[in-house]
Each structure stands twice: as structure tokens, then as C-alpha cells.
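>>> Here is my input, please return the structure:
(2 chains)
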Amino acid sequence: MAEIILENLAHAYAPGAPYALKPLHMTWRNGGTYALLGPSGCGKSTMLNIISGLLRPSEGRVLFDGQDVTALDTGKRNVAQVFQVPVIYKSMTVGENLGFPLVCRGASPQKIKARVETVAERLGLTQWLKRPANALTADMKQLVSLGRGLVREDVAAILLDEPLTVIDPQLKFDLRRILKEINEEFRVTMVLVTHDQTEALTFAEEIVVMNHGEVVQMGSPTELFERPATEHVGWFIGSPAMNFLPALREADRIVVPGTGLSVPVTGPLPQGELKIGFRPEHATLAPTGGHIEGRVARIWFEGSDEVIGIDRGAHRVKVRASGTSPARTGEPVTVSVPGDRLSVFVNGKRLSSG
Amino acid sequence: MRTFYLALKYLAVLLWSAFVIFPFLWMISTSFKTANSVTAGAKWLPWLQFEPSLAGWQSLFGGVGGINILKPYANSAIVTLSGSAIALVLGTLAAYGLSRFTFKAGPLGNGDITFFFISQRIMPPIVLAIPFFLMLRFLGLLDTLPGLILIYVAMLMPIAVWVMVDFFNSVPRGLDEMAWMDGCTPVTTFLRVILPNALPGLVVASMFCLIFGWNDFFFAFTMTFTEVQLLPVSLVALNSSVTPWWSLSAAAIVSVAPLAVLAFVVERFLSRGGLAGAVR
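Numbering: from 1, shown residues only, chains lettered A, B, ... in the order given. All right, here's what the predicted structure looks like:
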């Protein structure tokens, strides 16, 4: 178990090539759960491979508990990884699979047996120990992969590279719960790579949102939800996505023309496109008297909530309301948003004071 | 209807089996015949249709006008087994390297290196006879077992590399990476993780090596004179102006026996699911 520091880290796959991972600096607390969230090809797997040592970063250092491991081989870093496609040693039994990391490290047979039994019991694999690992289902193979990390008491971190992609939805839920429980029980640092926001939000204490090789924002699920650093995060996190309406500056206020939405502003603003954004969850509907007037275009359900899509000119505003609302498709309606729930974005970046 | 198809299937299998087994039966019965019973037409059942004789078998073990097969048999076994073993060890290591690391020599890459290996087998052996002969003479290894082993390693290694590169390529790279994370060194990764997964390939490669080595006549003939004789060469000495079908049949049975046993063992191994699991 270790605190992981990525010190001024950056990576380009060839000298002079564009950054696959733009320069960043972050600290991951010992025993924490982290998620790297972003679309495919955003650099999250690159970051994971740098931590595990499969890849040498072209710039910066990786520190485990203050010790520089940048030049250290994967085997010496004591990390475990669960891959997207279940990878197991097909030629071995489940028990041998679980014990293999200890065998590689030269532990005594008694110790290996004891650890394997403990971990197998925790993961519910006890009855499978003597079976060939190849006979397991995909989700159980992922459990075995996880077990190979847990079997080492001193494992620095368990890296999960989209481990739930090939798992059935119901089992996905179970596996996620097991991951969370394991983290609480073993207090081992876990890093989950995913492009699924639900997975990231339910699993991690802190989420690193990435896009185009850049860390866009790092924060708790609430922070990402309440104060998205960029328009991209607003789009990516939350369902439905954040509403964005084009805005203008009028003296000391930023307003959305033709609506009652406005945010006070002082001092000069950076040049660029202005937008006001708000979460569908923070908006409410009223027959009259709201900030935005429009017409109900569509209503659909998300869980027990209802999402109402309201058309206003060329823009659609979404409102998320719990339970069923009196709104009817085609009828005029107004939307109100509390002033403190409005955020101003300049060129896609959130204005910190807004 | 189903039983009809089943019957049809069994009939086809039966016919095919008869087709395959027939030459062997013929060989076995001929090995117990004399000149008269061979020329007297198709006769199958000993004692009833012809009087069995052990002359053919005796000629293999120092009988009149025959040879002693034991020494060449042992020689062949030594040369084939050690040649195959060395070729497999070197070939498997080379194949793992070619499968997992990127080599560059100017415009040439891994594929070209692999092709270079197999190109040794594309050349007709006669092309290699003179260089091999000169090299062995230079080393003083002409007409010796080590000399022959050396030749067979050179001839069999391309097969091992060719087969194993393919099998290693089919073993996912994630397995290597996982083994590193579990704390394996590159050597233990290869021996304990990758090799067991490529075991079916190893079986196929060793089968090819043993068959090619055991059956080779050309190099066994050109690289030896009097001291060392391998089985295929020694069998030629059985022939004479009147073809001794009985001796040749006995010799054929003796020399094909190890390969038949090998095929039987390998077939059982491969069908037990080794390959099925490897291909997924």
C-alpha cells in the first residue's frame, strides 16, 4: 500500500510527437479509490501503464511512498492490475493462479496456502480453488485477477483497467460492490480506469476526468457535479448532461438574451464565447413566472425521475424532476433556476467566480 | 432418419479406416512370408493360406544376407532425439524473442527474420550438402554422431521457430504483463507462464522435428561413410537384385513403429483439450 505521486509527469510515444499525456502533477492518497474517467484514447490507459511500469514516461517521475520508481521494472513495483479482457494463467488451477504472485516472490508454501485461502474465502472462490482457472466465467476470472493483487499484503496499488467492460450488467453491479468492500477492508489504493461515468461516480472518492491526453478536472463526485471545470465535464458527468445557453455581457452582468437568467460579474473577462450553464437537477418547472419560457418537446424517465425537454428557439433545455410532473408535451411552460446554481463558461472553461 | 445418418457416418468411417489400415496389414503379413508366398498372389492368413516364416525378421538382426539393425536404430534414436531437443530449445527461445520483441536491421524486421529461418527449408537439401560436408570436414565431425546432430539441429530449428512463433503470437501479451506485475522475471515469465500456454505448439513442433529427423535419408547418407549409420541408410543395404519384400516389410514395421506410437500419444494429448483451450 502506498501513496502515489505523479511528479510533473508527461508522455509522448516518440520524441517530438504530440503528448499522449500532457504534463500533470497529482498525489494519490494511500488506500484511496480513484477513477480515471474519459473517452477512449484520452490517455487514461497511458497513465495507468506508466504507474504499473509497463511504460516509461518521457518526462517526470513516479513516486511510491516518496521513493522514485520511475526506472523500476514492473515486477519490482508490487502493483497488481486487472485487465479489460480477463487474463488468467490457463495452465493453472484457480488456487495456483491466486498463489502465483507469492510463488514469484519466493514465499513459503505454508504462507502461500494461508494467504490463498484467506483471499479465496473473501472473494467467494473457495470451492473453485482446485478447478482449472480456464473453466471460470468472465466475471469470476476478473475476481481471480483481483485476488492475485490482494494475495500480496503489501501490494502498492491495484489498477483496474476497465475491468467491467465484458461483464454482464447484473454481475457488474455485484463486482463493483465487491471492489468497494475490498477497498474498505484491505485499505489498498485502487485506481479504476473507465469511460462509464456511473462506474466512476459510484466507485471512486476522487475522479480524474481526462480528455485529449489532458487532466481536465480532479475532484470528488460532488465537486464534478456542482462545479464542473469545463463544459466538457458538464457534458460528461451527470445524466442528462448540463444545460448550456449562449450568453452576452451587459454592463456588470452576464445574461442569456430573452430570458431572466443573469449572473453578476465584476472586472474584465477573458475574450471568447460566453455561456451560462446549469444542471437539469437544479431547475424547476412552473406554468408561469420562470426565467425561461418554452414549450415541452419531450418527456422521458430516468430511474424514478422524469426528464422534461423544453424547446426554446434553437436550444433544448432539460429539467429533471422527481416523480411525475404536470407538464404535457406541446404545452408552454417556464423554467426557474436559482441564481447560485448558474455557472459562467468562457471558451468552454468555467469562470471561477461565477 | 437419424439412425440412417449415423449408419452412413459409421460406414464412411469404416471404409476410410480400411483404406488406411490396409497397407499396414499387407506389410505385416508380407513380413512373415517367403519368396514363394509373396509371388503366389494375395494371401492373408498365416498357417491357413501360407506357411509363415521368420526369415524376414531374422535378416534384420544379423540373419543370413541381412543386417544388424540394432546399432543404426540406436544411432537414429540418438541423433533424432538430441537433434530435436536442441532444435526445440533454441527454436522456442528464438520464437519467443521474435514474438515479443521488435528487432530492426535496416529495413528488415521480425517477419523477415522469421522468414529467413523458414527459408532454410525452402532450399532443396542438395544445395546444402556441399557446404555442410565441408563444414563438418573442417570440424572433423564427418561420419560422427555429433556431426549429424549438428546438421539436424540446423535443419529442424526452422520448423520449431516457424511453429512456435505462431503459437506465441496467439498467447496474449497481457499474460506477459500480468506475470511481470505478479513479480516474475522475464525468464520465469517465459518458463512458467508463456510456455505452459504454448504447450500444444511445443507438442506439434516436437512431433514435426521427430518425424523429419527420423525419416531423413539424404543427410544421413551424405555425411557418413562407414563408422556411423542411421536407420534409413542401413535399410537400403537390405535391398538386392531380387527384392526381399519380407525383409523390407519387417524393416518398415520396425522403423515406422516409434512414429506410430508418437502419433498415438500426441493425438491423445491434443484431443484432450490442450489445443481447444489454447485457441479459445
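>>> Could I get the full set of strands for the stretch 201-350 of chain A?
According to DSSP state E, counting those that start in this stretch, the stretch 201-350 of chain A carries its strands in the segments A:206-211, A:214-219, A:243-246, A:248-250, A:253-255, A:262-264, A:274-278, A:284-286, A:292-302, A:305-312, A:315-322, A:332-336, A:343-346, A:349-350.
>>> Correct me if wrong: residue A:99 contacts residue A:116.
Yes: Residue A:99 lies in contact with residue A:116 (CB atoms under 8 Å); the separation is 4.7 Å. No exception for glycine: its C-beta is placed from N, CA and C like everyone else's.
>>> If you count surrounding residues, which of those two has more?
Taking residue A:99 and residue A:116 together and counting by other CB atoms under 10 Å in any protein chain shown, residue A:99 has the greater number of neighbours (27 against 24).
>>> So which of the strands of the stretch 201-350 of chain A is nearest residue B:98?
Among the strands of the stretch 201-350 of chain A, the nearest to residue B:98 by CB to CB is strand A:206-211 (35.5 Å).
>>> Neighbours of residue A:281, how many?
Using other CB under 10 Å, residue A:281 has 19 other residues around it.
>>> repeat for residue A:106
7.
>>> which residues are common contacts for residue A:99 and residue A:116?
Both residue A:99 and residue A:116 are in contact with residue A:151, where contact means CB atoms under 8 Å, 6 or more residues apart in numbering or on different chains.
>>> Relative to chain A, how far out is residue B:53?
Using CB to the nearest CB, to the nearest Å, one gets 52 Å for the distance from residue B:53 to chain A.
>>> excluding its backbone neighbours, what's nearest that residue?
Taking CB to CB, 6 or more residues apart in numbering or on different chains, and ignoring the residues beside it in sequence, residue B:53 has residue B:34 as its nearest neighbour in space, at 4.7 Å.
>>> who's in contact with the one you found?
With contacts defined as CB under 8 Å, 6+ apart, the neighbours of residue B:34 are B:51, B:53, B:55, B:246.
>>> What is the neighbour count of the last one?
The reference is to residue B:246. A total of 24 residues lie near residue B:246 under the criterion other CB under 10 Å.
>>> Not counting its neighbours along the chain, what's nearest it?
What sits nearest to residue B:246 in space, not counting adjacent residues and going by CB to CB, 6+ apart, is residue B:56, at 3.1 Å.
>>> which other helices and strands contact the strand or helix carrying the one you found?
With the criterion set as DSSP states H and E, the secondary-structure element containing residue B:56 is helix B:55-58. Here helix B:55-58 touches helix B:2-31, helix B:245-269, going by 3 or more CB pairs under 8 Å, 6 or more residues apart in numbering or on different chains; DSSP states H and E.
>>> got a markdown table for the ones you listed, with mean pLDDT too?
As requested, those are exported to a markdown table (pLDDT from 0 to 100):
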| stretch | mean pLDDT |
| --- | --- |
| helix B:2-31 | 92 |
| helix B:245-269 | 88 |
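>>> So which of those has the densest surroundings on average?
For the helices and strands packed on helix B:55-58, average neighbour numbers computed from mean count of other CB atoms under 10 Å in any protein chain shown are highest in helix B:245-269, which has a mean of 16.
>>> hang on, residue B:179 is in a helix, isn't it?
Yes: if the criterion is DSSP: H, G, I helix; E, B strand; the rest coil, then residue B:179 is within a helix.
>>> and it, how many neighbours does it have?
When neighbours are defined as other CB under 10 Å, residue B:179 has 25 of them.
>>> need the contact list for it.
A:104, B:188-189, B:192-194.
>>> where in chain B is pLDDT low?
Low-confidence regions of chain B, defined by pLDDT under 70, span residues B:270-280.
>>> Secondary structure element holding the residue nearest to the spatial centre of it?
The geometric centre of chain B, computed from its C-alpha atoms, lies nearest to residue B:211 (CA atoms, centre = their mean), at 0.8 Å. Secondary structure assigned from DSSP H and E places residue B:211 in helix B:199-215.
>>> Could you list the buried residues of that helix?
Neighbour counts using 16 or more other CB atoms under 10 Å in any protein chain shown place B:199-214 of helix B:199-215 among the buried residues.
>>> State the distance from the closest residue to residue B:201 other than its chain neighbours to residue B:202.
By the measure of CB to CB, 6+ apart, the closest residue to residue B:201 outside its immediate chain neighbours is residue B:167, 2.8 Å from it. Taking CB to CB, to the nearest Å as the criterion, residue B:167 is separated from residue B:202 by 8 Å.
>>> now residue A:167
For residue A:167 relative to residue B:202 (CB to CB), the value is 33 Å.
>>> The residue in the stretch 201-350 of chain A that chain B sits nearest to: what's it in contact with?
With CB to the nearest CB as the measure, the residue in the stretch 201-350 of chain A that lies nearest chain B is residue A:203; the distance is 20.8 Å. Residues near residue A:203 by CB under 8 Å, 6+ apart: A:33, A:35, A:176, A:179-180, A:192.
>>> Among those residues, name the buried ones.
Neighbour-count burial (16+ other CB under 10 Å) is assigned, among these, to A:33, A:35, A:176, A:179, A:192.
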